[in-house]
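Take a look and give me a structure for this.
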Amino acid sequence: MKIINIIAYILVIVGAVNWGLYGLFDFNLVATVFSGARAVGSIITYSIIAVAALWLIVSPMITDGVLWLRGREAR
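I've put the predicted structure just below:
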């Protein structure tokens, strides 16, 4: 699950940067890369980022409140 959490964090950061660019400069990076906000690539990207965000919400619930980013260490 460690790699899934890291990938999810990266995707959520990409989404946050995109929203920041859009809010500050009215520039949608994803829409620019895929030639439109409703292009298939943009919709897929937005959907993957949304699933990553949902994963980061649900993951601690299924792992007893721990979001693993490193290997399990002895306590």
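
so where do the helices sit in the protein?
Ranges of helices in the chain, per DSSP state H, are 2-25, 29-33, 40-62.

What's the mean pLDDT across the longest one?
Spelled out, it's helix 2-25. Regarding helix 2-25, the rounded mean pLDDT is 94.

Also the last one?
Helix 40-62 comes out with an average pLDDT of 93.

Please work out which residues outside that helix touch it.
Residues outside helix 40-62 that contact it (CB atoms under 8 Å, 6 or more residues apart in numbering): 1, 4-5, 7-9, 11-12, 14-15, 30-31, 33-34, 36, 66-67. To be clear about C-beta, it is placed using only N, CA and C from the backbone, and glycine gets the same treatment.

Would you show me how to pick out the buried ones of these in PyMOL?
Only the buried entries of these go into this PyMOL selection, using 16 or more other CB atoms under 10 Å:
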select buried, resi 5+8+11+12+14+15+30+31+34
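
if I look at the nearest residue to residue 63 once chain neighbours are set aside, how far off is residue 32?
Take residue 63 and drop its neighbours on the chain: the residue closest to it by CB to CB, 6 or more residues apart in numbering is residue 1, 7.0 Å away. Remark: distance between residue 1 and residue 32 (CB to CB, to the nearest Å) = 33 Å.

got it, and residue 23?
With distances taken as CB to CB, residue 23 is found 15 Å from residue 32.

which of these two has more neighbours?
residue 32 (13 against 9; other CB atoms under 10 Å).

show me what contacts that one?
With CB under 8 Å, 6+ apart, residue 32 has no contacts at all.

gap between the closest residue to residue 33 other than its chain neighbours and residue 28?
Nearest non-adjacent residue to residue 33, counting by CB to CB, 6+ apart: residue 41, 7.3 Å away. Distance, residue 41 to residue 28, by CB to CB: 13 Å.
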